[in-house]
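Engineer: Build me a model:
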Amino acid sequence: MNTKKILYWISAPIRVLWEFHKGFELYYVRGIEWEEEELENIFALILFGDYIGLPHPPTELSFRLLPHVIRELYVMEEKSTKEFSLKTGWIGV
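Structural biologist: So this is what the prediction gives:
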């Protein structure tokens, strides 16, 4: 019985540090996911910026990159049907 109590108290700091690590990991993973979403938005804006008046890359380059943005096209379509909010941005995409 005493060995269980001793092991419990010895492992307590390790358990606390492990939970602390998990909290930071969750925080940074969410930050990375947000960053990835923003980079996808910028990528789509570069390719389809001519819809709002931004200069776009050459057509040949846009066609070669088009297969990589198919999912982004669906996301843009979904966001364009929603009402304006902070997440959709001022251009509605």
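Engineer: which residues of this structure fall in helices?
Structural biologist: Taking DSSP state H as the test, the helices found in the chain are 2-48, 59-65, 70-80.
Engineer: Now render those helices as JSON lines, adding mean pLDDT.
Structural biologist: Formatted as JSON lines, these follow (pLDDT from 0 to 100):
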{"stretch": "helix 2-48", "mean pLDDT": "84"}
{"stretch": "helix 59-65", "mean pLDDT": "80"}
{"stretch": "helix 70-80", "mean pLDDT": "75"}
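Engineer: Mind putting the ones you listed into JSON lines with mean neighbour count?
Structural biologist: All C-beta atoms are positioned from the backbone trio N, CA, C, and that covers glycine. Below are the helices of the chain laid out as JSON lines (neighbours: other C-beta atoms under 10 Å):
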{"stretch": "helix 2-48", "mean neighbour count": "11"}
{"stretch": "helix 59-65", "mean neighbour count": "11"}
{"stretch": "helix 70-80", "mean neighbour count": "12"}
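Engineer: Show the contacting residues for residue 66.
Structural biologist: If you count contacts by C-beta atoms under 8 Å, 6 or more residues apart in numbering, residue 66 has them with residue 47.
Engineer: how far away is it from residue 47?
Structural biologist: For residue 66, the distance to residue 47 (C-beta to C-beta, to the nearest Å) stands at 8 Å.
Engineer: What of residue 55?
Structural biologist: Taken as C-beta to C-beta, the spacing of residue 55 relative to residue 47 amounts to 12 Å.
Engineer: what do you get for residue 12?
Structural biologist: 53 Å.
Engineer: likewise residue 14?
Structural biologist: Distance from residue 14 to residue 47, by C-beta to C-beta: 49 Å.
Engineer: Also residue 9?
Structural biologist: Taken as C-beta to C-beta, the span from residue 9 to residue 47 is 59 Å.
Engineer: cool, and residue 23?
Structural biologist: 37 Å.
Engineer: One more: residue 78?
Structural biologist: With C-beta to C-beta as the criterion, residue 78 and residue 47 are 17 Å apart.
Engineer: Noted, bye for now.
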